[in-house]
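K.L.:
Have a look at this prediction, sequence included:
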Amino acid sequence: MRYLRRDRRGFTLIELVVVITILGVLVAIAVPMVGGYVDNAKKKAAKTDAKNIQTAMVLFASKQGDYPAESAIQSYANLRDVLDDYIALPQQEARATFSFGSYTRVGNDFKLWIYGKDRGTIDIYIYEGDIIEIE
């Protein structure tokens, strides 16, 4: 007759439940923190693209003698086409870090309004000399 060995090493059910519970708590804490980093990264990317667009608009004006007319930029595709020589924007707006809002000429200046893409969408106004972010 065989005897069952009682000195086997292994985890008890209670130990496994405790470890799984601790891992669940750690995941519950970490996931929202990672989501916050992703949102901040999207905001920074949109602001960086806004600065690059601002620079491209100034380069356009220095080469062409003036900023584009309002009728030339009515959508993301128009913006991409007009600034094609100065900045490489994605072909599709869905792949950009921002959504197009509007473009207007203000005297000898311009105003471009874009939306950053994240959960808490940010509005970014781009002027010739300044970028204003409104949350």
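P.N.:
Received the coordinates, thanks. Numbering: from 1, shown residues only.
K.L.:
C-alpha only now, for contacts and for neighbours.
P.N.:
Fine.
K.L.:
Please report the distance of Arg63 from Thr48.
P.N.:
To be clear, residue 63 is Lys; Arg isn't right here. 23 Å (C-alpha to C-alpha, to the nearest Å).
K.L.:
just the helices in this structure please.
P.N.:
Using DSSP state H, the helices of the chain run over residues 13-64, 76-82.
K.L.:
hmm, who's touching the shortest one?
P.N.:
Which is helix 76-82. By C-alpha atoms under 8 Å, 6 or more residues apart in numbering, the surrounding residues in contact with helix 76-82 are 68, 72-73, 88-93, 99-100.
K.L.:
Now, of the residues you listed, which are buried?
P.N.:
Listed as buried from the contacts of helix 76-82 are 68, 73, 89, 99-100; burial here means 16 or more other C-alpha atoms under 10 Å.
K.L.:
Check those residues and tell me the two furthest apart.
P.N.:
Pro68 and Ser99 (19.1 Å; C-alpha to C-alpha).
K.L.:
and Lys63 and Thr48? which has more neighbours close in?
P.N.:
Thr48 (13 against 10; other C-alpha atoms under 10 Å).
K.L.:
Quickly note the distance from the most centrally placed residue in the chain to Ile14.
P.N.:
Centroid-nearest residue in the chain: Lys42, 2.1 Å away (criterion: C-alpha atoms, centre = their mean). Distance of Lys42 to Ile14, computed by C-alpha to C-alpha: 43 Å.
K.L.:
how many other residues sit next to Gln74?
P.N.:
Gln74 has 15 nearby residues by other C-alpha under 10 Å.
K.L.:
is it true that it touches Trp113?
P.N.:
No - judged on C-alpha atoms under 8 Å, Gln74 makes no contact with Trp113 at a distance of 11.4 Å.
K.L.:
Pull up the overlap in contacts between the two.
P.N.:
By the contact definition C-alpha under 8 Å, 6+ apart, Gln74 and Trp113 are jointly contacted by 102-103.
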